[in-house]
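Student: Sequence unavailable; structure follows:
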């Protein structure tokens with residue numbers, strides 16, 4: 001996953017097209033595909049067999065919470081950057 005982010009940081013520039021995203025997204029997707037089964041397996045292996053459903057549910061709950069919080073933080077950073085870039089115009093109301 002980190003290799004995908006590193007690839008993005010090295011390849012992307014202001015002039016990049018959408019196709020420049022593909023290598024980083026492919027590496028990130030491979031990383032997620034390799035890490036998620038191991039994470040679920042570790043959670044299920046650490047829990048007693050009769051609590052397997054709870055362990056699986058906890059993994060899925062925290063994964064979804066991570067997505068939601070990550071997107072919210074990214075949205076705040078993006079909005080802050082947009083306000084900084086267009087400061088002085090009336091396009092966005094002051095927060």
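Tutor: Thanks, I have the structure now. Remember, predicted model here, so these are calculated numbers, not experimental data. Numbering: from 1, shown residues only.
Student: so where do the helices sit in the protein?
Tutor: Taking DSSP state H, the helices of the chain run over residues 2-11, 21-46, 52-85.
Student: Just the buried positions in the longest one, please.
Tutor: I take that to be helix 52-85. 55, 59 (16 or more other C-beta atoms under 10 Å). C-beta coordinates here come from the backbone N, C-alpha and C atoms, glycine included.
Student: re the thing from before, any chance of the helices of the chain in a markdown table, plus mean pLDDT?
Tutor: As requested, those are exported to a markdown table (pLDDT from 0 to 100):
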| stretch | mean pLDDT |
| --- | --- |
| helix 2-11 | 91 |
| helix 21-46 | 91 |
| helix 52-85 | 91 |
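Student: Residue 58 contacts residue 43, doesn't it?
Tutor: Yes - proximity of residue 58 to residue 43 meets the contact threshold set by C-beta atoms under 8 Å, at 6.9 Å.
Student: Run through the residues that contact residue 40.
Tutor: By C-beta atoms under 8 Å, 6 or more residues apart in numbering, the residues touching residue 40 are 56, 59.
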